[in-house]
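S.K.: Below are the sequence and a predicted model for it; my questions follow.
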Amino acid sequence: MDDLKTTLPLGLQTRGRGALENAMGRFEGQTRSAIADGWHPPDPKMLRTQTRREVARSAISYNRSPDLPFDRAINPYRGCEHGCIYCYARPSHAYLNLSPGLDFETRLIARPGLGAVLDRELRPKSYRVAVMALGTNTDPYQPIEAQFGVMREILCVLQAFRHPVAITTKGSLIEADLDILADLAAQGLLRVGISVTTLDPDLSRRMEPRAPAPARRLQIIERLARAGIPVRAMIAPVIPGLTDHEIEPLLAAAQSAGATAASYIPLRLPREVSPLFQDWLAQHAPDRAAKVMSRLRHMQGGQDYDPSFGTRMRGQGAWADLLAQRFRITIARLGLAVKLPPLRCDLFAPPPGTGDQLTLF
């Protein structure tokens with residue numbers, strides 16, 4: 001067997017996963033390889049998802065990126081079982097001494113109790129309210145939310161504080177929180193972005209194996225919109241040479257489902273994501289692999305990924321300009337906005353805490 005720098009036992013089945021290997025993270029000082037030595041026969045079992053709990057010391061993480069429309073976020077989970085091969089968050093698993101490959105989608109970390117930590121962080125008088133982003137790294141409504149309910153913990157706190165929140169997801173479990181979400185939306189405190197990448201169910205199953213199918217995501221948009229929740233369709237990532245031809249039909253389908261705004265982001269392949277994605281291309285779309293990478297590098301200044309602020313979210317060059325032009329023309333024709341209305345920050349008020357003296361009036 002070739003050296004794949006893997007920690008997986010030989011023969012372990014990985015059907016239904018996005019990554020094809022489990023290359024060690026960039027901070028590891030050693031690599032391990034599975035080699036058939038004759039003593040241990042291949043393990044025919046399926047690779048199962050493992051989840052461990054983390055006792056969080058803080059809930060809110062802050063950023064100063066000029067490319068992002070928010071400066072604070074909360075991540076209920078680390079890793080993501082959806083297994084999207086293109087996920088830009090995969091390299092974050094290396095900080096946990098885990099692989100950005102199969103570990104990212106099978107060795108997850110849940111953060112139950114995060115609601116109480118958030119409650120504590122929102123109470124100081126020095127706190128200045130701004131939109132809280134959820135789902136910026138890994139999906140807050142991935143399958144393990146059904147077991148741990150961390151997202152609902154967080155929403156209950158934000159609802160009590162009347163704190164503005166923006167959610168990004170492709171998970172159908174968001175529908176379980178419609179009661180809270182509808183209340184937040186009615187107060188002008190919520191907007192939701194639903195990520196849609198393709199209308200092709202077969203491509204979606206191979207590219208994002210444990211995420212809801214395209215038709216199901218459009219149904220999520222419809223149900224959120226029907227509940228009065230402002231929804232933006234996020235066409236992300238747009239993969240040149242593979243999914244870019246779907247921009248117009250994707251936007252039309254999202255608008256028909258009830259989305260009132262839309263955005264797009266071309267494919268980004270930071271750090272370990274590039275070799276993982278290229279391996280996936282060779283396996284699942286070998287006839288398009290050269291075309292995809294050629295166009296992507298043209299948009300990224302000749303590299304697999306250009307992290308420069310100002311261009312990393314849009315790319316540059318002729319292909320990037322053509323993509324932007326097609327997007328602008330289509331949303332104008334469909335009547336879709338680029339941005340949803342701003343959320344209210346003036347309603348923020350900490351609720352009484354345990355032991356607080358209540359007023360008579």
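M.R.: Thanks, I have the structure now.
S.K.: Next, residue 193: secondary structure please.
M.R.: What DSSP: H, G, I helix; E, B strand; the rest coil gives for residue 193 is strand.
S.K.: Can you show me the helices along this protein?
M.R.: Listed in chain order, the helices of the chain (DSSP state H) span 102-106, 114-122, 145-148, 150-161, 178-186, 201-207, 214-226, 247-257, 273-284, 289-299, 318-334.
S.K.: buried set for the second one?
M.R.: Read that as helix 114-122. By neighbour count on 16 or more other CB atoms under 10 Å, the buried set for helix 114-122 is 114-115, 117-119, 122. Heads up, the C-betas are built off the backbone N, CA and C, glycines and all.
S.K.: ok so, going back, output the helices of the chain as JSON lines; include the columns distance to residue 76 and mean pLDDT.
M.R.: Listed next are these as JSON lines, based on distance: least, CB to CB, whole Å; pLDDT from 0 to 100:
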{"stretch": "helix 102-106", "distance to residue 76": "16", "mean pLDDT": "95"}
{"stretch": "helix 114-122", "distance to residue 76": "6", "mean pLDDT": "97"}
{"stretch": "helix 145-148", "distance to residue 76": "7", "mean pLDDT": "97"}
{"stretch": "helix 150-161", "distance to residue 76": "4", "mean pLDDT": "98"}
{"stretch": "helix 178-186", "distance to residue 76": "14", "mean pLDDT": "98"}
{"stretch": "helix 201-207", "distance to residue 76": "24", "mean pLDDT": "97"}
{"stretch": "helix 214-226", "distance to residue 76": "18", "mean pLDDT": "98"}
{"stretch": "helix 247-257", "distance to residue 76": "25", "mean pLDDT": "98"}
{"stretch": "helix 273-284", "distance to residue 76": "22", "mean pLDDT": "96"}
{"stretch": "helix 289-299", "distance to residue 76": "31", "mean pLDDT": "96"}
{"stretch": "helix 318-334", "distance to residue 76": "31", "mean pLDDT": "96"}
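S.K.: In TSV: those, plus distance to residue 88.
M.R.: Putting those into TSV (distance: least, CB to CB, whole Å) gives the following:
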stretch	distance to residue 88
helix 102-106	11
helix 114-122	23
helix 145-148	21
helix 150-161	21
helix 178-186	26
helix 201-207	14
helix 214-226	19
helix 247-257	19
helix 273-284	6
helix 289-299	13
helix 318-334	17
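S.K.: okay, those helices, which one's buried deepest?
M.R.: Comparing those by mean neighbour count (mean count of other CB atoms under 10 Å), helix 102-106 ranks first with a mean of 27.
S.K.: Against which helices or strands is it packed?
M.R.: With contacts taken as 3 or more CB pairs under 8 Å, 6 or more residues apart in numbering; DSSP states H and E, helix 102-106 sits against no other helix or strand.
S.K.: now it, how far from the chain's geometric center?
M.R.: Its chain's C-alpha centre and that of helix 102-106 lie 14 Å apart, by CA atoms, centre = their mean, to the nearest Å.
S.K.: Could you do stretch 343-353 as well?
M.R.: 27 Å.
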